[in-house]
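[1] give me a 3D structure for the following:
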Amino acid sequence: MPAYHDTDAVFGMTAPHPEDPRVVELWGELDILAAHHLAGRLQDLSPGQGGILVADLRAVTFLDCSGLSMLVRVQERLRTRQARLILVLTDPFLLRVIRLAGLGGVLRVAADLDSALAWPVRDVPA
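    As a prediction, this is how the structure comes out:
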């Protein structure tokens, strides 16, 4: 998957592990502009029935309600296929944004890529 590239962009999405299509990396500012450009691309990624999509957000520097909404929409679309979205995120400020938005129990967050990829299959929401 090619990276989103714009000379003025302050965000992007790449597949840092081409051998593992379950992983995408988002970087920069996940705001309304990023959500507009990236939402469709994220929603088109299909891990298959019961699979996972890991969004590595460790390089994200800003996350607003548009970015959060995009992540929730992707998660909901995956959930209709019994698949799930796992976020890799360690930044305390961004974790606090998720918690303050009331999404702490909605979005699944792992501390590292290995933990995200090993997420239990039985954790798929009903």
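
[2] on contacts alone, who are the packing partners of the longest helix anywhere in the chain?
    Ranked by residue count under DSSP state H, the longest helix found in the chain is helix 65-79. Here helix 65-79 touches strand 23-30, helix 32-44, strand 52-63, strand 84-88, going by 3 or more CB pairs under 8 Å, 6 or more residues apart in numbering; DSSP states H and E. C-betas here are computed from N, CA, C, even on glycine.

[3] one more time with 6 Å
    With contacts taken as 3 or more CB pairs under 6 Å, 6 or more residues apart in numbering; DSSP states H and E, helix 65-79 sits against helix 32-44, strand 84-88.

[4] and the ones you listed, which one averages the lowest pLDDT?
    Ranked on mean pLDDT, the bottom entry among the helices and strands packed on helix 65-79 is helix 32-44, at a mean of 88.

[5] ok, residues contacting it?
    For helix 32-44, contacts defined as CB atoms under 6 Å, 6 or more residues apart in numbering pick out Tyr4, Phe11, Met13, Ser66, Gly67, Met70, Val74, Arg77.

[6] which one of the residues you listed sits closest to Ala110?
    Set against Ala110, the nearest of the contacts of helix 32-44 by CB to CB is Val74 (15.8 Å).

[7] ok, the closest one to Asp112 distance?
    20 Å (CB to CB, to the nearest Å).

[8] which one of the two is surrounded by more residues?
    Taking other CB atoms under 10 Å, Val74 and Asp112 do not tie; Val74 has more neighbours (21 against 12).

[9] just for this structure, where's the confidence low?
    Counting by pLDDT under 70, the ranges of the chain that qualify are 1-9, 19, 46, 120-126.

[10] distance between the longest helix of the chain and the chain's centre?
    Relative to its parent chain, helix 65-79 has a centroid offset of 8 Å by CA atoms, centre = their mean, to the nearest Å.

[11] export that helix as CSV, just CAs?
    Provided in CSV are the C-alpha atoms of helix 65-79 (Å, rounded to 0.1, in the frame of the first residue of the first chain):
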residue,chain,number,x,y,z
CYS,A,65,-12.7,14.3,17.6
SER,A,66,-12.5,13.9,13.8
GLY,A,67,-9.6,11.4,14.1
LEU,A,68,-11.3,9.6,17.0
SER,A,69,-14.6,9.4,14.9
MET,A,70,-12.7,8.0,12.0
LEU,A,71,-11.2,5.2,14.2
VAL,A,72,-14.5,4.4,15.7
ARG,A,73,-16.2,4.2,12.2
VAL,A,74,-13.4,1.8,11.0
GLN,A,75,-13.8,-0.3,14.1
GLU,A,76,-17.6,-0.5,13.6
ARG,A,77,-17.2,-1.5,10.0
LEU,A,78,-14.8,-4.2,11.0
ARG,A,79,-17.1,-5.4,13.7
